[in-house]
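Engineer: Quick one: sequence plus predicted model below, questions after.
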Amino acid sequence: FGAAAFVQTGLPSRSSEGAKAGGHGRNRTGVHGFAVRCVTTPPRGHSGVFARAHAPNAIYEGIACFNSLPMLAFRPVLSQNAASLQLPCKEMMTDFEAARRMMVDGQVRTADVTDLRVITAMLEVPRERFVPAESAGLAYVDLDLPVGAGKGGARKLLKPMVLGKLIQAAELKATDRVLDAGCATGYSSAILAQIAGEVVALEQDSDLARRATESLRGAGNVQVVAGDLKAGWPPGAPYDAILLGGATEVDPDALLGQLADGGRLLCVLGGGPGAKATLYRKSDDGIGVRPIFDARAAVLPGFSKQPAFAF
């Protein structure tokens, strides 16, 4: 997948220190076992590794770790003539099922996601099928994964932890009708479809909508529709729950108007460091709102705050 490749190699020195201490050890979240040895974010000092991995003068090697194999990390393996390097296909294979378990155990469960329906859905839905082929090896990394660049800017899938916590906060029932606004390639819709009764997957980018339709083929309770994200999908209203697949810098008033009585809307509110995952709830008294946890996400097209007029 581009210049970042997963290969098996010897254990890094930091992992051998853990072995000397006795077994896999414990990380600061208290997780035991292979999750301790499987790091899902770039190492300290390499925060831009995924972007730099595709630079013509640098290649980073991904070291896959599943069970007792080496830990997931990235290190430079070639500083020049990167374009001439060819890696054997067999060495670039990733065990997606193991990576999926690692994602759930290391990112989702440790973030206080305890709803077994959410956990089961995230264990069953193959996230690699909802990302570009060249990014499949990064499908389970702890980041907002780019999936396209439409007219409104780059589009990304929510981090698994953020998505899991938002869906859990929605308190879905098996009979609920859900609008997934900004479904992108359909991964969040696939998760929702495992829990709710009916899902309307709304996407305004034509290419993403096509990919969502293809990826969700066979899911009988999901309908993919194309339209303006900010306007929602009135033909399917009212909804018991609405998930906004990204951040908004303004209150999503049009979407709030499509909630049923008792309906919930989940989103990331804010586009900067102070952004919060937020729960809106409709009741007889109006719309209540409360922040539920710190989170950041890419602002969806149409949901940016208009710049203030300045002299």
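Structural biologist: Received, thanks.

Engineer: contacts and neighbour counts: CA atoms only from here.
Structural biologist: Will do.

Engineer: For Ser135, grab the count of nearby residues.
Structural biologist: 16 (other C-alpha atoms under 10 Å).

Engineer: what do you get for Lys276?
Structural biologist: Lys276 has 21 neighbours, counted by other C-alpha under 10 Å.

Engineer: now Leu116
Structural biologist: Leu116 is flanked by 11 other residues according to other C-alpha under 10 Å.

Engineer: Got the phi and psi for it?
Structural biologist: Torsion angles at Leu116 (phi, psi; degrees, to the nearest 10) stand at phi -60, psi -30.

Engineer: next one: phi and psi at the closest residue to Arg177 other than its chain neighbours?
Structural biologist: Spatially, and ignoring its direct neighbours in sequence, Arg177 is nearest to Glu198 (4.8 Å; C-alpha to C-alpha, 6 or more residues apart in numbering). Here is the backbone geometry of Glu198 (degrees, to the nearest 10): phi -150, psi 140.

Engineer: what's Glu198 in contact with, if anything?
Structural biologist: Contacts for Glu198 (C-alpha atoms under 8 Å, 6 or more residues apart in numbering) come out as 175-178, 221-222.

Engineer: Out of the residues you listed, who's the most crowded?
Structural biologist: Neighbour max across the contacts of Glu198 (other C-alpha under 10 Å) = Val178, 30 neighbours.

Engineer: Mind listing residues that contact the helix or strand hosting it?
Structural biologist: Using DSSP states H and E, Val178 sits in strand 177-181. The contact list for strand 177-181 (C-alpha under 8 Å, 6+ apart) reads 188-189, 192, 196-203, 229, 232-233, 239-245.

Engineer: Just the mean pLDDT for that strand, thanks.
Structural biologist: Across strand 177-181, the average pLDDT comes to 98.

Engineer: Following the chain past that strand, name the next helix or strand.
Structural biologist: Next element after strand 177-181 (DSSP H and E): helix 187-193.

Engineer: Pull the residues that contact that following helix.
Structural biologist: 118, 121-122, 125, 127, 130, 157, 163, 167, 178, 180, 183, 199-201, 212, 216, 219, 221-222, 245.

Engineer: mind listing which of these are in helices?
Structural biologist: Members of the contacts of helix 187-193 lying in helices (criterion: DSSP state H): 118, 121-122, 163, 167, 212.

Engineer: Mind giving me the PyMOL command for buried ones among those?
Structural biologist: Applying 16 or more other C-alpha atoms under 10 Å to the ones in helices among the contacts of helix 187-193, the buried members can be selected in PyMOL as follows:
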select buried, resi 118+121+122+163+167+212
